[in-house]
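Novice: heads up, no residue letters with this:
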């Protein structure tokens, strides 16, 4: 039985399927549902510190808010209340930190992110979560 579920989302097709599955699980167990979108600040470490970095960060933050809003609507349509979280940093670490803070007993994520390039550059977030999470993790395939 799960009482507190965290779903990691990034706007990808796999992420959309993860939110659908997390909503189903939240309904099944009458669990609280949290969704997290992480702006990967590691992407900016090798760029010169100027307003371009700030613009890129703001664009990703805007995307994150839109993705979280979409997730809230999907959950609401299915009678589930979703608490959104926008974080910044290393995605895997931020997801696990939030899971600990919110006392999640299930973490749901998509099998891969927006592109293969992301996995090559950043490593697989779902792999990181399943390797390091002390709680049950569900990886949803697309």
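Specialist: Now that the structure is in, tell me what you want to look at. Values in this document were obtained by computation on a predicted structure and should not be read as measured data. Numbers count the residues shown, from 1 in each chain.

Novice: after the worst-scoring helix or strand of the chain on mean pLDDT, which helix or strand is next?
Specialist: Taking mean pLDDT, DSSP states H and E as the measure, helix 116-122 is the helix or strand of the chain with the lowest mean score, a mean of 46. Taking DSSP states H and E as the definition, the helix or strand that follows helix 116-122 towards the C-terminus is helix 125-132.

Novice: and that following helix, what's buried?
Specialist: Buried residues in helix 125-132, counting neighbours by 16 or more other Cβ atoms under 10 Å, are found at 125-126, 128-130. Any C-beta I mention is one placed from the backbone N, CA and C, and that applies to glycine too.

Novice: that one: how far from the chain's middle?
Specialist: The gap between where helix 125-132 is centred and where its chain is centred comes out at 12 Å by Cα atoms, centre = their mean, to the nearest Å.

Novice: go on, stretch 69-89?
Specialist: For stretch 69-89, the distance to the chain centre is 10 Å (Cα atoms, centre = their mean).

Novice: what about it, start to end distance?
Specialist: In terms of Cα to Cα, to the nearest Å, the two terminal residues of stretch 69-89 are separated by 20 Å.
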